[in-house]
Structures are given as C-alpha cells and as structure tokens.
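>>> need a structure here:
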Amino acid sequence: MKKIGLVGGMSWESTDTYYQLINRGIRDRLGNLNSAEILMYSLNFADVEEHQRNGNFLIAANKILHAAGELERAGAEGIFICSVTGHEGADYIQSKLSIPLIHIADCVNEYILDYSKVGLIATIYTMERGYFKSRLIPEVIVPEEEDRNYISKVIYNEISQGIILEASAERYRQIINKLIVGGAEAIIYGCTEIGLLVNHADACVPVYDTTIIHSQAAVDFALGG
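Predicted coordinates for the structure are as follows:
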C-alpha cells in the first residue's frame, strides 16, 4: 500500500471527512482491520485564508508547498490537497515536488466527460478564478454575483467553523436550482466543505462532490489504481 500525504486544515472540518472516507474506502476494498497509511500536515487555515483573501495566492501556495514538502520528506508517495481553493498554484507546487500531486479537478473530470454544461458552487475564488474550472472539460456555469457572495460567506463563516444551518442549506438549494434552470446538466460541489451542508438529494440532476471524488482517488492511489 502506498503512503498518502494529506495537506489538510483548510478547513479541518472537511479534512476530517477525507480521513474518514479514505479509511472506509480501504476497509471496504481490503476488509477486516485494514486502514490507510496516511501522513497529514494540517495547516492553520486562518493563515492561509488571510493570504487568499488579500490576493496573496503565491504566499498561500508556498505554505501549502512547505506542507507538501514535509510530507514528501516523511515518506509520502503522493500528495492530496484537501481543499479546492488550495489548488490555486497546484502546478507550481507540483513543479517543486518529486512525487505526484493528484489534482482534484483531474479527478472530477473522470466523472463529468459526458456532460456539455455543469454548474459549480464553491468559494468565491474557485467560482471566479480559473485554477479549477478551466481544467474541467465541460462548459462551467456559476451563480450570479449575489449568490456567489452568499455561497462563499456561508463556507467561511459557517460550514468551516462547524456551523450547519437549515436556512443556509435551503438557500443553497435555491441557487442550485437556478443553475439547473440555466442549463446545468450536473452540479459540482467545488468546495470540500459543501457536502457537510447539502448532499446529492438536494438537486434533481447528478451531483459530484469533490471531497468524495478526491477521497476515492486517494484510495485508488494507495492501492495502486
């Protein structure tokens, strides 16, 4: 089994989900008491988020690179950044590593090749910048500006702090429905926290949760797939 390197803490709420999903995946595949060999570097999200908010994405990327480098030196054989927003600068980070960084967008692409248009809800950065959506093969549509701001506010002020409110979930459902009316054939939960608030039942089209997909890719990687 290969050792997985997780760069987590962005936020730790979703990193906890990664840890559970990966270990359950290994147990389901191998049975008995089997679990994943995981090395984790959990960053202080407040530090990373401050740099992202101020537009200092290279500084944020270097913090993630430092964590990934420490994991490589500790024996990790592949790096998984447990944050979609944390993939800003992923190509730069990969260029400094000698082990693979498994990009979350590339994992998602394996599931959405048959769609011509998908809807994306995520942090404001992921919805507006190109590091994730430009790597996706189908056309990507995002909510209108007011809805983008609301989605992102909930991610940072609520979900990432362990606050789950039904009123926020209902507003997310309304935004998702607007994307579907606008032609989205599937919805991507493009932030690793979103699945803590809404799930696959909250849309009338297929939903692709980046946390679930990335975690499954980690299981496949660990087992040689």
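>>> dump the residue contacts of the residue nearest to Leu165 when sequence neighbours are not counted.
Of all residues not flanking Leu165 in the chain, Glu158 sits nearest, at 6.2 Å (Cβ to Cβ, 6 or more residues apart in numbering). All C-beta spots, glycine's among them, are computed from the backbone N, C-alpha and C. Counting by Cβ atoms under 8 Å, 6 or more residues apart in numbering, Glu158 touches 164-165, 168, 197.
>>> just the pLDDT at Gly119, thanks.
Gly119 carries a pLDDT score of 98 in this model.
>>> give me the residues contacting the one helix or strand it maps to.
For Gly119, the host element (DSSP states H and E) is strand 117-121. Strand 117-121 is contacted by residues 112, 126-127, 132-133, 136, 138-143, 151, 172, 175-176, 179-180, 182-191, 194, 208 when judged by Cβ under 8 Å, 6+ apart.
>>> make it 6 Å
112, 133, 138-142, 151, 179, 183-188, 190 (Cβ atoms under 6 Å, 6 or more residues apart in numbering).
>>> what about those, which are in strands?
139-141, 187-188 (DSSP state E).
>>> point out where the protein drops to low pLDDT.
In the predicted model of the chain, residues 225 satisfy pLDDT under 70.
>>> OK, contacts around Ile155?
Contacts of Ile155 by Cβ under 6 Å, 6+ apart are 123, 191, 193.
>>> could you rerun that using 8 Å?
Per Cβ under 8 Å, 6+ apart, neighbours of Ile155: 122-123, 191, 193-194.
>>> which of those residues tops the neighbour count?
Neighbour counts for the contacts of Ile155, by other Cβ atoms under 10 Å, peak at Cys191, which reaches 32 neighbours.
>>> excluding chain neighbours, what is closest to that one?
Nearest residue to Cys191, sequence neighbours excluded (Cβ to Cβ, 6+ apart): Ala122, at 4.4 Å.
>>> buried ones in stretch 83-94?
83-90, 93-94 (16 or more other Cβ atoms under 10 Å).
>>> tell me how far the ends of that stretch are from each other?
Distance across stretch 83-94, first residue to last, is 15 Å (Cα to Cα, to the nearest Å).
>>> quick one: that stretch to chain centroid distance?
11 Å (Cα atoms, centre = their mean, to the nearest Å).
>>> find the nearest non-adjacent residue to Lys133, please.
With Cβ to Cβ, 6+ apart, the residue lying closest to Lys133 is Val140, at 4.3 Å.
>>> rewinding a little: pick out whichever of the contacts of Glu158 sits closest to Tyr18.
Leu197 (16.5 Å; Cβ to Cβ).
>>> how about the buried residues of stretch 83-94, which pair is most distant?
Thr85 and Gln94 (16.7 Å).
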